[in-house]
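> Model the following, please.
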Amino acid sequence: MRYTDRDHILNTASQKLLNQIEHQKDIFILSNSTVDGLVGSAILLSAIHNSNGNTTIRCFNSLKIEDFKIELTAVIDEKHDFYVFVDFDSNFFDLITSLIQESNYLFVNSDSRNLDQILQKDKTVTFVNPWIWQRDNDKENRYTSSSLTYLIAKNFDRKIIRSSFLPIVAAFSKNIDFNNNDQIELKEILQSALDLNLIERKKGLNFGVIETTPIVDAIENNTAHFIKGVTWNKENSFKIIEKSGVEFTDNNRIRTLNELEDEDFNKIFNAIEKYIEENYHHKNKSDDNIKEMKKRNRDLLFGYNYILTNEEASSILKNIGSFSKALDLCVRNQTFGLGLSICLGDRNDTMMQVTNQIIDHDNLIKSVSNQIFDEKWRFYDDKETIYINGEGILDEKNIDLFTSILEKSVSFADRLICLRILSAESDEEYKYTLIKPKLAKVDFVKIKKKIYDLAEIHDDLNNNDNNNSSSTSVIVDMINKIEIRVPIINLEVFLSNIKKIVLDAKRS
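The predicted structure follows:
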């Protein structure tokens, strides 16, 4: 791979965009339907507006490339002068280059796919991606798409530093760890927001709720890091507070998170850890594994909370984690205009809509999760893999909501997730999804390869004929997720083989 200087690429992109602004060109921003894409597009919109430019934004769902191609072709037919693509997968780059002249677009993203081929074509004047200049392939990516758009915009719009908190919101949606020493560039943006007093950093327990939440309610409604037997259980949440020894009432009023001291948080964490021990979460684990689990739990539950100083104390947007959650729901519900308005600072009519979305989400996920956990045959946990039968409860709209809780859960974050639901497209099909959470120790590349091999054995499944209802086929393949369509007639054989594949990957 040929590497290019970071500042040269960012400055070239900035100058290219500024040239369009100065000549009053019609700039069309296309955002992928992700929090990072939405935030990155909002940053560009603000910067272009601050510079008196002309721009329009539209969000696209890129899950199906053929649908995306149709929508993109329609946009190109509108004859805009310049296009900016934000947070689309690198696999889309060839399609875009085939439809738009090189001088008429920028493509900004942060993944690491297909970059050798792109760089061989010398497309770095239109393609902004950190792996072009980030030489250490063993390190985690140090950027997000929105952090790149921020750095591009910062070169020509000094006012954009007032939006330096936004890339931090997007980084939370990707579970980026700011304690990681590799995250130097994102830390620099965070430091700018801290220096400008846009963000206040407080150490404490992270339950994913605003800091004015009563402590018992915070533990009970902790879906940020779900704890089996505690989350959504008021009685056990109350017992944990009692056993912690923390003074949690003040004149018959339960104290809120922002009224607690560091020592209080430590006592509550110790009480949670004690509950986990007493309820067999450590059963059949070695001493080393238990020690590792305790460290993981502390890393999940304990850390810095990032507070947005300009938001109202009781606002759902006060905490960066809950701000990120609000944007994520806007993406999931396809209320992109609402999400964009939030990023741009609208706090009037938007807040009621955002609050209602979050209430609906919380009620839905609580109902769905309790149904699955209560019916034991639906949820099998062997301490390394969880197998979930979501038939009749989960659908394609809420499956991600449920699995996202498991991925960051104190109880399940280290497990491979295997889940099946009925297909929305046919009563004769299932959709089977495997997800590797960040903390799961399993060879997922090997699992995916075996699944493709299994698909070929079943019915020559790599013929790309997605209309063949009798075939088993992979329909989504991402770094940490694979989704397979399985006809009912193949289900039992498929399930048997999947278990063998997973077991084999654990041994490797």
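
> which one's the longest helix in this protein?
Secondary structure assigned by DSSP state H gives helix 349-374 as the longest helix of the chain.

> Let me see the mean pLDDT of the helix or strand following that helix.
Using DSSP states H and E, the helix or strand that follows helix 349-374 in sequence is strand 379-381. On average, the pLDDT along strand 379-381 is 94.

> And the contacts of strand 379-381?
372-373, 386-389, 412, 415 (Cβ atoms under 8 Å, 6 or more residues apart in numbering). C-beta here means a position set from N, CA and C on the backbone, and glycine is covered the same way.

> Would you indicate which residues of stretch 31-51 are buried?
Across stretch 31-51, burial judged by 16 or more other Cβ atoms under 10 Å covers 31-48, 50-51.

> do stretch 500-508 as well
So stretch 500-508, judged by 16+ other Cβ under 10 Å, has buried residues 501-502, 505.

> Let's have those in a markdown table, adding pLDDT and distance to Ser473.
Shown next, in a markdown table, are the buried residues of stretch 500-508 (pLDDT from 0 to 100; distance: Cβ to Cβ, whole Å):
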| residue | pLDDT | distance to Ser473 |
| --- | --- | --- |
| Ile501 | 91 | 16 |
| Val502 | 90 | 19 |
| Ala505 | 81 | 21 |
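
> In helices only, show me these.
Reading helices off the buried residues of stretch 500-508 with DSSP H, I get 501-502, 505.

> Please report how far Trp131 lies from Asp7.
With distances taken as Cβ to Cβ, to the nearest Å, Trp131 is found 16 Å from Asp7.

> now swap in Ile21 and tell me
For Ile21 relative to Asp7 (Cβ to Cβ), the value is 20 Å.

> Looking at these two, which has the bigger crowd around it?
Ile21 (21 against 11; other Cβ atoms under 10 Å).

> Distance from the chain centre to the helix or strand containing the more buried one, please.
Using DSSP H and E, Ile21 sits within helix 6-22. How far helix 6-22 lies from its chain's middle: 28 Å, per Cα atoms, centre = their mean, to the nearest Å.

> List the buried residues of that helix.
6, 9-10, 12-14, 16-18, 20-21.

> any idea of the mean pLDDT for it?
On average, helix 6-22 scores 93.

> Let's see it as PDB, backbone CA atoms only.
Provided in PDB are the C-alpha atoms of helix 6-22 (Å, rounded to 0.1, in the frame of the first residue of the first chain):
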ATOM      1  CA  ARG A   6      -2.400  13.000   6.500                       C
ATOM      2  CA  ASP A   7      -2.300  16.800   6.500                       C
ATOM      3  CA  HIS A   8      -1.900  16.800   2.700                       C
ATOM      4  CA  ILE A   9      -5.100  14.700   2.200                       C
ATOM      5  CA  LEU A  10      -7.200  16.700   4.700                       C
ATOM      6  CA  ASN A  11      -6.000  20.000   3.300                       C
ATOM      7  CA  THR A  12      -6.700  18.900  -0.300                       C
ATOM      8  CA  ALA A  13     -10.200  17.800   0.700                       C
ATOM      9  CA  SER A  14     -10.800  21.100   2.500                       C
ATOM     10  CA  GLN A  15      -9.600  23.200  -0.400                       C
ATOM     11  CA  LYS A  16     -11.600  21.100  -2.800                       C
ATOM     12  CA  LEU A  17     -14.800  21.800  -0.800                       C
ATOM     13  CA  LEU A  18     -14.000  25.400  -0.100                       C
ATOM     14  CA  ASN A  19     -13.500  26.000  -3.900                       C
ATOM     15  CA  GLN A  20     -17.100  24.700  -4.400                       C
ATOM     16  CA  ILE A  21     -18.400  27.000  -1.600                       C
ATOM     17  CA  GLU A  22     -16.600  30.100  -3.000                       C
END
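
> list the helices and strands it packs on?
For helix 6-22, the elements it packs on are strand 26-32, helix 35-50, strand 82-86, strand 105-108, strand 127-128, helix 145-154, judged by 3 or more Cβ pairs under 8 Å, 6 or more residues apart in numbering; DSSP states H and E.

> Work out the gap between the helix or strand hosting Tyr275 and the centre of the chain.
Applying DSSP H and E as the criterion places Tyr275 in helix 262-278. Distance, stretch centre to chain centre, for helix 262-278: 28 Å (Cα atoms, centre = their mean).

> Could you do stretch 353-363 as well?
Worked out by Cα atoms, centre = their mean, stretch 353-363 lies 18 Å from the chain centre.

> Identify the residues contacting that stretch?
221, 223, 316-317, 322, 325-326, 329-330, 333, 335, 338, 342, 401.

> let's go with 10 Å and repeat that
Stretch 353-363 is contacted from outside by 221, 223, 232, 315-317, 322-323, 325-330, 332-333, 335, 338-339, 341-342, 347, 398, 401, using Cβ atoms under 10 Å, 6 or more residues apart in numbering.
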